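S.K.: Please work out how this folds:
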Amino acid sequence: MDDLYIEPTKKTPGVDLSNGVLAFTGRSMIENTRDFYEPIYTWVCKYLEAPAEITVVTMKLEYIDAASVTSLMNLLILLKGVEERGLVFMVNWYYSYGDLEMLQLGAIIQDRLEMEFDFTEFEPSNSLN
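M.R.: Sure thing, here's the model as predicted:
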């Protein structure tokens, strides 16, 4: 299966999907989330046909709008299905230093989806400003 890489912009996250490792970085403030996330959904559905023994999702987002939250939650719900096969599924949720809103958002998503997240604080870069 081919990897999927999407370069980050000021408004869209960087996406790096490979066998067992799915990473989202930067910002997600997308007007049309359906168009942006459609190839990601397609990749995930294909990945789930033969997932790795361990699937790790890394969310290292400095900002995320409500529509993007819904899209990412739907992706996590799909990916959580690997647990039903007896495989390992992990979510690493990074939040900018002192950004309690992003920490709380991660905690809310964790609770709603009944998943365990590993929370880590990070120093954001200024490369997308």
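S.K.: helix/strand/coil for T55?
M.R.: Following DSSP: H, G, I helix; E, B strand; the rest coil, the label given to T55 is strand.
S.K.: Please identify the helix or strand for Y63.
M.R.: Under the criterion of DSSP states H and E, Y63 resides in strand 54-64.
S.K.: Give me the residues contacting stretch 20-36.
M.R.: 8-17, 44, 51-65, 67-68, 70-72, 79, 128 (Cβ atoms under 8 Å, 6 or more residues apart in numbering). No exception for glycine: its C-beta is placed from N, CA and C like everyone else's.
S.K.: next one: stretch 75-83
M.R.: Residues contacting stretch 75-83 (Cβ under 8 Å, 6+ apart): 22, 37, 40-41, 44-45, 48, 51, 55, 57, 88-89, 91, 109, 113, 115.
S.K.: if we go to 10 Å?
M.R.: By Cβ atoms under 10 Å, 6 or more residues apart in numbering, the surrounding residues in contact with stretch 75-83 are 20, 22, 24, 37, 40-41, 43-45, 47-48, 51-57, 59, 87-89, 91, 109-110, 112-115, 117.
S.K.: quick one: buried residues of it?
M.R.: 75-76, 79-80, 82 (16 or more other Cβ atoms under 10 Å).
S.K.: try stretch 31-47
M.R.: Those would be 33, 36-37, 40, 43-44, 47, for stretch 31-47 by 16+ other Cβ under 10 Å.
S.K.: One more: stretch 105-123?
M.R.: 105-106, 109-110, 115, 117.
S.K.: Quote the end-to-end distance of that stretch.
M.R.: Terminal residues of stretch 105-123 are spaced 18 Å apart (Cα to Cα, to the nearest Å).
S.K.: And for stretch 70-88?
M.R.: OK, stretch 70-88 end separation, Cα to Cα: 23 Å.
S.K.: Quick one: mean pLDDT over it.
M.R.: For stretch 70-88, the mean pLDDT works out to 95.
S.K.: cool, stretch 28-40 as well?
M.R.: pLDDT averaged over stretch 28-40 gives 95.
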